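>>> here is a sequence with its predicted model. Questions after.
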Amino acid sequence: MKKRIMTLAAALLLICAALGGCSFDIKTVSDTLKPPKLYGENREMQMAFEKYAGSDVLMKSAVSGEHRSSFVLYDIDGNGSDEALVFYAEGSNKSQVKIEIMEKTDGQWTPIVNLPGSGSEVYSVNFAKMDQDSFSEIIVGWSLYEKSSEKLFTVFRVDKKLEDISSVCTESFTYMMPVDLDNDGLKELFYISIDATNKTRQAAAKMLKLQGGKTMEITGEAKVDSGVSGYSSVKVERLSESSPVRVYLDAVKGENQMITDVVYYDVSSRSLVAPLLDKQSQSNIQTWRNINLPSIDINSDGIIEIPTQSIFKGGREVHNNNRSSSNIYRTDWCQLVGNKLQTVIYSYTDVENGYVFSIPEGLLRSVTVEKNSDDGSVTFYKYSRSRDKRGNALLTIKSIDELVWQKEQAGSEYSEIMSVNGKVVVYDITEDGKELEITPDELSKCLIRLDYSNK
């Protein structure tokens with residue numbers, strides 16, 4: 001459907017160009033399509049809303065998060081029965097989203113309160129227990145149709161009964177999530193705010209807490225790297241009851257570069273801390289890498305590791321037997337211990353082919369690597385740092401398509417060690433490698449499959 005609409009629009013534009021120009025209004029898909037009809041009990045809810053709001057409405061739904069329907073069901077008042085939040089815009093004013101909260105009483109869905117939104121589109125919908133009463137707070141992220149990159153969030157709080165719900169806070173954000181940062185059993189709102197109004201662009205992580213059941217106050221703030229263009233993934237980690245809740249922010253810088261900021265709430269100082277930010281440059285230099293690689297629990301020890309990169313001494317890339325000027329990077333996987341990074345794995349990481357080769361510490365300072373960009377193979381060599389001289393080959397690893405491997409396996413000098421995403425990772429250990437006790441068993445321990453799904 002979407003492809004046909006885009007094709008029709010393109011055809012109309014070509015016709016206009018041929019006729020010397022014309023003007024018309026092309027509506028977006030969300031402006032022209034109604035949501036699918038609901039079924040069963042939910043159908044009754046939809047019919048009750050349509051009876052209340054009329055036919056000249058445009059249904060809205062979130063583009064991010066868990067709740068992505070125009071009709072969101074959630075037990076806001078904690079009585080065991082779900083209420084419904086309906087997101088829509090009226091035909092007379094489609095630039096502002098409204099929220100209708102409905103409740104089922106005596107078997108009938110009834111509108112009970114209408115709330116004005118703060119944007120033309122819904123970005124996200126969250127619920128969180130932010131104070132001690134029985135009600136959950138509603139956190140809605142908004143985006144503006146004219147400025148799609150600008151986002152706001154609003155926190156709605158119920159006072160004693162659902163009819164008494166009101167906005168207690170509206171702020172701009174780049175990323176936000178409800179999380180219990182101070183370990184008091186209640187959620188705070190953690191968010192990133194970027195201020196581009198000054199000459200120097202600034203970014204800060206902030207912590208909003210519902211105080212006295214009525215007002216939201218910033219109870220923590222820490223500067224983070226302001227040179228990022230966005231956040232690709234965010235993870236939360238708490239290692240023990242006595243350890244702080246850490247938020248790992250994987251951020252994109254430029255086209256293919258990334259960093260990871262870590263933020264946590266320090267109970268003793270009652271403040272947010274971002275330990276990896278360089279105060280002088282206001283940038284996160286420590287976690288820089290030249291590849292799109294997020295922080296993950298790479299060794300399955302229950303602790304998140306952050307990938308960092310440095311130039312592989314003596315490394316090079318070849319193409320058509322010619323040496324390339326491209327740097328080869330070693331990827332070190334680090335854990336945050338206290339406020340400092342500690343390397344737990346030194347590696348050559350191949351993101352494209354989905355594997356990590358963990359370099360044994362005994363070989364770390366005595367090997368270098370050559371990548372052949374023609375066939376994707378990676379060969380490790382003996383290397384003298386003092387003389388900057390490469391010696392004999394020790395080991396070659398490469399990734400081959402499964403179907404190709406099935407045909408070539410019988411006569412190949414390589415042996416299979418693992419399969420990753422439709423490819424087979426194979427290896428060849430030289431006689432020099434065997435002398436250094438590189439064995440298939442040791443190699444299998446050093447090769448780690450890159451898996452982002454459950455990390």
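Ah, there it is.

>>> my read is that Val224 contacts Pro275, right?
No. Proximity of Val224 to Pro275 does not meet the contact threshold set by CB atoms under 8 Å, at 11.0 Å. No exception for glycine: its C-beta is placed from N, CA and C like everyone else's.

>>> higher neighbour count, these two?
Counted by other CB atoms under 10 Å, Val224 and Pro275 do not tie: Val224 has more neighbours, with 25 against 17.

>>> name the residues linked to the more buried one by a beta bridge.
In this entry, Val224 is beta-bridged to Ala203, by DSSP bridges.

>>> and it, how far from Ala410?
54 Å (CB to CB, to the nearest Å).

>>> now swap in Lys279 and tell me
60 Å.

>>> next: Val113.
Separation of Val113 from Ala410 (CB to CB): 72 Å.

>>> and Trp405, helix, strand or coil?
When classified by DSSP: H, G, I helix; E, B strand; the rest coil, Trp405 comes out as helix.

>>> so it is in contact with Ser415, correct?
No. Counting by CB under 8 Å, Ser415 is not a contact partner of Trp405; they are 10.9 Å apart.

>>> the more surrounded of the two?
The neighbour comparison of Trp405 against Ser415 (other CB under 10 Å) goes to Trp405, with 18 against 12.

>>> just the pLDDT for that one.
Note for Trp405: predicted pLDDT of 94.

>>> the more surrounded of Val113 and Ala410?
With neighbours defined as other CB under 10 Å, Val113 and Ala410 compare such that Val113 has more, 18 against 6.

>>> residues contacting that one?
Contact analysis of Val113 by CB atoms under 8 Å, 6 or more residues apart in numbering lists 100-101, 162-163, 165.

>>> cool, and Ser243?
Listed by CB under 8 Å, 6+ apart, the contact set of Ser243 is empty.

>>> distance of Val234 relative to Gly117?
According to CB to CB, Val234 and Gly117 sit 24 Å apart.

>>> could you list the low-confidence segments of the chain?
1-41, 146-149, 321, 323-325, 453-455 (pLDDT under 70).

>>> would you list the contacts of Val113 in TSV and tack on neighbour count, secondary structure and distance to Gln335?
Below are these laid out as TSV (neighbours: other CB atoms under 10 Å; DSSP: H, G, I helix; E, B strand; the rest coil; distance: CB to CB, whole Å):
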residue	neighbour count	secondary structure	distance to Gln335
Glu100	20	strand	48
Ile101	21	strand	45
Leu162	16	strand	46
Glu163	11	strand	50
Ile165	20	strand	43
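
>>> so which of those residues is the closest to Ala196?
Closest approach between the contacts of Val113 and Ala196, by CB to CB: Ile165, at 32.9 Å.

>>> how about the closest residue to that closest one other than its chain neighbours, what does it touch?
Computed as CB to CB, 6 or more residues apart in numbering, the closest residue to Ile165 that is not its neighbour in sequence is Val158, at 4.7 Å. With contact set as CB under 8 Å, 6+ apart, Val158 has these partners: 76-77, 133, 135, 137, 164-165.

>>> and the end-to-end length of stretch 326-342?
27 Å (CA to CA, to the nearest Å).

>>> which helix or which strand is home to the residue nearest to Ile165?
According to DSSP states H and E, Val158 maps onto strand 151-159.

>>> cool, Arg68 as well?
For Arg68, there is no helix or strand it lies in under DSSP H and E.

>>> quick check: closest non-adjacent residue to it.
In this structure, Arg68 finds its nearest non-sequential neighbour in Ala62, 5.0 Å apart by CB to CB, 6+ apart.

>>> before we move on, what about Arg289?
Ranked by CB to CB, 6+ apart and with sequence neighbours excluded, the top spatial neighbour of Arg289 is Gln309, at 4.2 Å.

>>> from what I see, the one you found and Asn290 are in contact.
Yes. The criterion here is CB under 8 Å, and Gln309 meets it with Asn290 at 5.8 Å.

>>> shared neighbours of these two, anything?
Tyr329.

>>> between those two, who's got more neighbours?
Comparing Gln309 with Asn290 by other CB under 10 Å, the one with more neighbours is Gln309, at 19 against 14.

>>> for the residue minimising distance to the centre of the chain, give me its contacts.
Per CA atoms, centre = their mean, the C-alpha nearest to the average position across the chain is that of Ser233, at 1.8 Å. Residues in contact with Ser233 (CB under 8 Å, 6+ apart) are 250, 294-295.

>>> 10 Å - rerun?
Shown in contact with Ser233 (CB atoms under 10 Å, 6 or more residues apart in numbering): 248-251, 258, 260, 294-296, 452, 455.

>>> would you agree it falls within a strand?
Yes. Secondary structure assignment (three-state DSSP) places Ser233 inside a strand.
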